[in-house]
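[1] need a 3D model of the following:
(chains A and B)
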Amino acid sequence: DAGVIQSPRHEVTEMGQEVTLRCKPISGHNSLFWYRQTMMRGLELLIYFNNNVPIDDSGMPEDRFSAKMPNASFSTLKIQPSEPRDSAVYFCASSPSSRGSNQPQHFGDGTRLSIL
Amino acid sequence: TQLLEQSPQFLSIQEGENLTVYCNSSSVFSSLQWYRQEPGEGPVLLVTVVTGGEVKKLKRLTFQFGDARKDSSLHITAAQPGDTGLYLCAGGSQGNLIFGKGTKLSVKP
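    Numbers count the residues shown, from 1 in each chain, chains lettered A, B, ... in the order given. Predicted coordinates for the structure are as follows:
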């Protein structure tokens, strides 16, 4: 079975440019999560969706960040304009259900983002 | 704010040694999960514990959830180079997970 698929795997761009990260969750999973991982702060939840609806976006750093889930098989995380401090590895994860917190989360391999 | 503190932050040992890493919080969690992350990959779930005092074994790995459901430990027996990676604990809270910063384990042959 295909796991969570993220693209691109690596992105290097100059500050001020728009960056779009993409995620295809595991088919049949109802919940989708976007995380950011850095050495200093570890793995931070940015936003999560349940049945394509954003449930909690309190982790989104600021208005430059936005996320959408137009259908059950696709989500995007957009940064506009990008800044050097946005450099990190961004992970997408999906899980079968948001009911309770015991469901395992399945992670993609991440997008390593470098903003110059 | 719920936080999970993991210790030690880094651990470097020789193949064959035993080790224990810890995950502590002042908050009660409904469940606790352990993940392992290898370089260039996403975290992969190892185990979920849900009952206070629960002990689960996965080959050479033993996981324990504290009686009060505020802490957990992971014990590895006879560590092997393949155990190298970042071990993350994550507490269940209101439909999502709160992650600790992890213990980076290096097992040298």
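[2] and the most centrally placed residue in chain A, what element?
    The residue lying closest to the centre of chain A (Cα atoms, centre = their mean) is A:Trp34, at 2.8 Å. Using DSSP states H and E, A:Trp34 maps to strand A:31-38.
[3] any idea of the mean pLDDT in that strand?
    For strand A:31-38, mean pLDDT is 95.
[4] now the element after it, going C-ward?
    Next element after strand A:31-38 (DSSP H and E): strand A:42-50.
[5] next, the angle strand A:31-38 makes with that next one.
    160 degrees (axes from the mean of the first three to the mean of the last three Cα atoms, to 10 degrees).
[6] and strand A:42-50, how far from the chain's centre?
    7 Å (Cα atoms, centre = their mean, to the nearest Å).
[7] what's opposite A:Leu21 in the beta bridge?
    Residues in a beta bridge with A:Leu21, per DSSP bridges, are A:Leu77.
[8] circling back to that earlier point, which residues sit against the strand holding A:Trp34?
    When contacts are defined by Cβ atoms under 8 Å, 6 or more residues apart in numbering or on different chains, strand A:31-38 is touched by residues A:23, A:25, A:43-50, A:67, A:69, A:75, A:77, A:88-98, A:103, A:105, A:110, B:95-96, B:99. All C-beta atoms are positioned from the backbone trio N, CA, C, and that covers glycine.
[9] ok, of these, which come out buried?
    A:23, A:25, A:43, A:45-50, A:67, A:69, A:75, A:77, A:88-95, A:98, A:103, A:105, A:110, B:95-96, B:99 (16 or more other Cβ atoms under 10 Å in any protein chain shown).
[10] give me the below-cutoff pLDDT ranges for chain A.
    Applying pLDDT under 70 to chain A flags the ranges A:1, A:98-102.
[11] residues from it in reach of chain B?
    Residues of chain A lying close to chain B (Cβ under 8 Å from any Cβ of the partner chain) are A:4, A:31, A:33, A:35, A:41-45, A:48, A:50, A:55-56, A:91, A:93, A:98-102, A:104-110.
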